[in-house]
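[1] just the structure for this:
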Amino acid sequence: MARPPVFPAEEKVRIVLSILAGEVTVAEVARRAKVSEQSVGNWKRQFLEAGKTGLVAGKSGPSTREAQLEAEVSELTQALGEAAVELRVWKKSAEGRLGPSRTSR
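    All right, here's what the predicted structure looks like:
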C-alpha cells in the first residue's frame with residue numbers, strides 16, 4: 001500500500017478548521033486529500049489536544065523551551081560580564097608593566 005502524501009502543518013490546520021466549522025466532513029476531506037479518514041481524524045484529535053493543553057497552561061508560566069532559553073541567556077550574560085572584568089584586569093596589568101600608552105604624544 002502506498003504511503004499517504006505528507007502535508008505541511010499549515011495545510012492540516014486549514015483542513016481541521018474547515019471540518020470544525022462544518023464546511024466539510026472528515027470523509028470529504030479524506031477523499032479530496034487522498035488520505036484515510038483515520039489520518040484526518042488523527043489531525044483533528046492532535047489539533048484539539050494541543051488547543052486544550054494551551055488553554056490549561058494559559059499564561060501560568062514560560063514553556064520548557066522558553067525556560068531553557070532564559071537560563072541560557074542568563075548564563076551567557078554572566079559569562080560576558082566575567083570576560084569584561086577579566087579584560088579590564090588584563091589592561092590594567094599591562095599598563096602597570098609597560099607604562100602609559102605611547103600613542104598620546
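[2] quick one: average pLDDT of the lengthiest helix in the chain?
    The longest helix of the chain (DSSP state H) is helix 64-98. For helix 64-98, mean pLDDT is 90.
[3] buried sites along that helix?
    For helix 64-98, a neighbour-count test (16 or more other Cβ atoms under 10 Å) marks nothing as buried. For every residue, glycine as well, the C-beta is placed using N, CA and C.
[4] most centrally placed residue in this protein?
    Arg65 (6.8 Å; Cα atoms, centre = their mean).
[5] give the contact list for it.
    By Cβ atoms under 8 Å, 6 or more residues apart in numbering, the contact set of Arg65 is empty.
[6] what distance do you get for Lys12 to Lys44?
    9 Å (Cβ to Cβ, to the nearest Å).
[7] again, but for Glu70
    34 Å.
[8] which helix or strand contains Arg45?
    Assigned by DSSP states H and E, Arg45 belongs to helix 37-57.
[9] in CSV, list the C-alpha atoms belonging to that helix.
    Below are the C-alpha coordinates for helix 37-57, written out as CSV (Å, rounded to 0.1, in the frame of the first residue of the first chain):
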residue,chain,number,x,y,z
GLU,A,37,-10.3,9.2,7.3
GLN,A,38,-8.3,7.9,10.3
SER,A,39,-5.4,10.2,9.3
VAL,A,40,-7.8,13.2,9.1
GLY,A,41,-9.3,12.2,12.5
ASN,A,42,-5.8,12.0,14.0
TRP,A,43,-5.0,15.5,12.7
LYS,A,44,-8.3,16.8,14.3
ARG,A,45,-7.5,15.0,17.6
GLN,A,46,-4.0,16.3,17.7
PHE,A,47,-5.2,19.9,17.0
LEU,A,48,-7.8,19.7,19.7
GLU,A,49,-5.4,18.2,22.3
ALA,A,50,-2.8,20.9,21.6
GLY,A,51,-5.5,23.6,22.0
LYS,A,52,-6.7,22.1,25.3
THR,A,53,-3.1,22.0,26.5
GLY,A,54,-2.6,25.6,25.6
LEU,A,55,-5.8,26.6,27.4
VAL,A,56,-4.8,24.6,30.5
ALA,A,57,-1.3,26.1,30.6
